[in-house]
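**Student:** give me coordinates for this.
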Amino acid sequence: MQREKLSSRLGFVLLSAGCAIGVGNVWKFPYLVGENGGGIFVLIYLIFLVIMGIPVMTMEFAMGRAAQKSPTKMYQELVPKQKAWHAHGIVCLIGNLILMMFYTSVSGWILQYFWYMITGKFEGMNSEQITGVFGEMLSEPWTLLIFLAIVVIVGFGVCALGLQKGIEKVSKVMMLALLGIMVVLVVNSLCLDGGLEGVKYYLIPDFQKMNEVGIVKILSNAMNQAFFTLSIGMGSMAIFGSYIGKDRSLMGEATTVAALDTFVAFSAGLIILPACSAFGVEYTAGPPLIFQTLPNIFANMWGGRIFGSLFFIFMTFAALSTIFAVFENILACLQDLTGWGRQKTCLIAGIGIFLLSIPCLLGFNLLAGFQPLKEGSNILDLEDFIVSNIILPLGSLLFVIFCTQDKFWGWDKFVAEANTGKGIKVAKWMRVYMKFVLPLIILAVFVLGMIFYWI
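**Tutor:** Residues are numbered from 1 along each chain as shown. Next comes the predicted model:
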């Protein structure tokens, strides 16, 4: 079976960035900035993005392009005799499946809030009523199932059209629309009376605030966000590496994707934090910021229904960009394992993902008494913990070891693949850093993530 290819570099960049640009990025980044001292967190985050995120993404791209296979068959192609590595390809598939078991539900929430906004559900409500809508929504499993089904059908429907005619074509339009809507929302937030204070908090490092929060906690959160924002560690980027040609070097492509991802996350902060400042909302509102705090802001803003609708369609596009990319990864893995055609794989995988996502959805209502981790946790927390705290960091560590240790794929083969084509190259001096320092940073992400989760 001849491998499908993306038709353009723009398609590759937007697809790869779309995989990285998701709910966790656009939603999580602004509230993490709020909770961790503002500008000082942004500065530390950017440093870790460069020294950790870009190198690992380059390795994923290189492995995928060299193998011309999905993660489930990638290791067999690169090191056919080293069978211990082959198991990690299956773990990558499992990680993508678990991610979609809760990500589809959250994407359904966002789509439902877009529906609420555009139909005027929040009009005439007081602050307490608006805040309570989120809890009411989570208590209605049948409605949640409908929006979950819409997300899964749209995701696999686009993928079923093919790589170029479906996912690449739709993602190009959607990502460009996302960027356009984002610019409108940023300009609106910056023009709000009192919004400038939010911008100052966001951009100017406050070392006093750093002392209040604690430098170790800020470092840990910045490392985790820089790491997880790029969706590295379970082959999500390797699959797109397998769809591109040899005309561009891969560190340059990783830098472009990371820059676009960061631009969107950074702009999300410029949308949210000035609005919080303008309407007297605490920057540290945390995870409820999107579903409880922002609807209150839009309800009290001139043109709030319009801007609220634009914001949640922006969030819907961000969510769907990841859905398309990860669904494509799952499809490629299953096709490599089974030899099925694209349409058959889409149908079977779509039904499977829908059924696997139901427990997460029920964890907020019928199964709310099941607390699998610490007190107050739910099924979504368990699934997120497995992916974010275990599969992604340890998977990235394995990628680094595989690409830098000569008894495995090795440095020379990795560099030869990564440096083929025009663009930024992996330099000779980076070998010592990537071989010895980078694994220690990733281990620190893993250990600190575990520690701060349980305390």
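
**Student:** shaky segments in the protein?
**Tutor:** The model of the chain has pLDDT under 70 over residues 1-3, 284-287.

**Student:** for residue 321, which non-adjacent residue is closest in space?
**Tutor:** Counting by C-beta to C-beta, 6 or more residues apart in numbering, residue 18 is the residue found nearest to residue 321 once chain neighbours are left out, at 3.2 Å. Just so you know, the C-beta spots here come from the backbone N, C-alpha and C atoms, and that holds for glycine as well.

**Student:** doesn't the one you found lie inside a helix?
**Tutor:** Yes - per DSSP: H, G, I helix; E, B strand; the rest coil, residue 18 lies within a helix segment.

**Student:** okay, now it: neighbour count?
**Tutor:** 29 (other C-beta atoms under 10 Å).

**Student:** what's near enough to touch it?
**Tutor:** 171, 174, 175, 321, 322, 324, 325 (C-beta atoms under 8 Å, 6 or more residues apart in numbering).

**Student:** burial of the first one, as a residue count?
**Tutor:** I take that to be residue 171. 25.

**Student:** about what we covered before: what about the residue nearest to residue 321, distance to residue 353?
**Tutor:** In this view, residue 18 and residue 353 are 18 Å apart by C-beta to C-beta, to the nearest Å.

**Student:** so residue 377 belongs to a strand, correct?
**Tutor:** No - according to three-state DSSP, residue 377 belongs to no strand; its state is coil.

**Student:** now it: closest residue in space, sequence neighbours ignored.
**Tutor:** residue 371 (5.0 Å).

**Student:** my guess is the one you found contacts residue 379, does it?
**Tutor:** No - the pair residue 371 / residue 379 is not scored as a contact, 9.4 Å apart, by C-beta atoms under 8 Å.

**Student:** these two: who's more crowded?
**Tutor:** Per other C-beta under 10 Å, whichever of residue 371 and residue 379 has more neighbours is residue 379, with 23 against 15.

**Student:** what sits against the more buried one?
**Tutor:** Residue 379 touches 102, 359, 360, 362, 363, 367, 370, 372, counting by C-beta under 8 Å, 6+ apart.

**Student:** by neighbours, which of the residues you listed wins?
**Tutor:** Top of those by neighbour count (other C-beta under 10 Å): residue 360, with 26 neighbours.

**Student:** now it: how far from residue 236?
**Tutor:** From residue 360 over to residue 236 (counting by C-beta to C-beta), the distance is 19 Å.

**Student:** residue 143: neighbouring residues, count only.
**Tutor:** Using other C-beta under 10 Å: residue 143 sits among 14 other residues.

**Student:** quick one: it is in a helix?
**Tutor:** Yes - Residue 143 forms part of a helix when assessed by three-state DSSP.

**Student:** so it touches residue 112, yeah?
**Tutor:** Yes - using C-beta under 8 Å, residue 143 makes contact with residue 112 at a distance of 7.3 Å.

**Student:** what touches both of these two?
**Tutor:** residue 137.

**Student:** centroid-wise, who is the farthest residue in the chain?
**Tutor:** In the chain, counting by C-alpha atoms, centre = their mean, residue 124 sits farthest out from the average C-alpha position, at 34.6 Å.

**Student:** sec struct for it, please.
**Tutor:** Going by three-state DSSP: residue 124 is coil.

**Student:** how many residues are close by the nearest residue to residue 11 once chain neighbours are set aside?
**Tutor:** Spatial nearest neighbour of residue 11, excluding adjacent residues (C-beta to C-beta, 6+ apart): residue 168 at 4.2 Å. Residues lying near residue 168 (other C-beta under 10 Å) number 25.

**Student:** as CSV, the contacts of residue 379 with secondary structure and distance to residue 245 would be great.
**Tutor:** Formatted as CSV, these follow (DSSP: H, G, I helix; E, B strand; the rest coil; distance: C-beta to C-beta, whole Å):
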residue, secondary structure, distance to residue 245
102, helix, 35
359, helix, 41
360, helix, 38
362, helix, 45
363, coil, 43
367, coil, 47
370, coil, 48
372, coil, 45
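
**Student:** biggest separation within those residues, which pair?
**Tutor:** The span of the contacts of residue 379, defined through C-beta to C-beta, is set by 102 and 370 at 14.2 Å.
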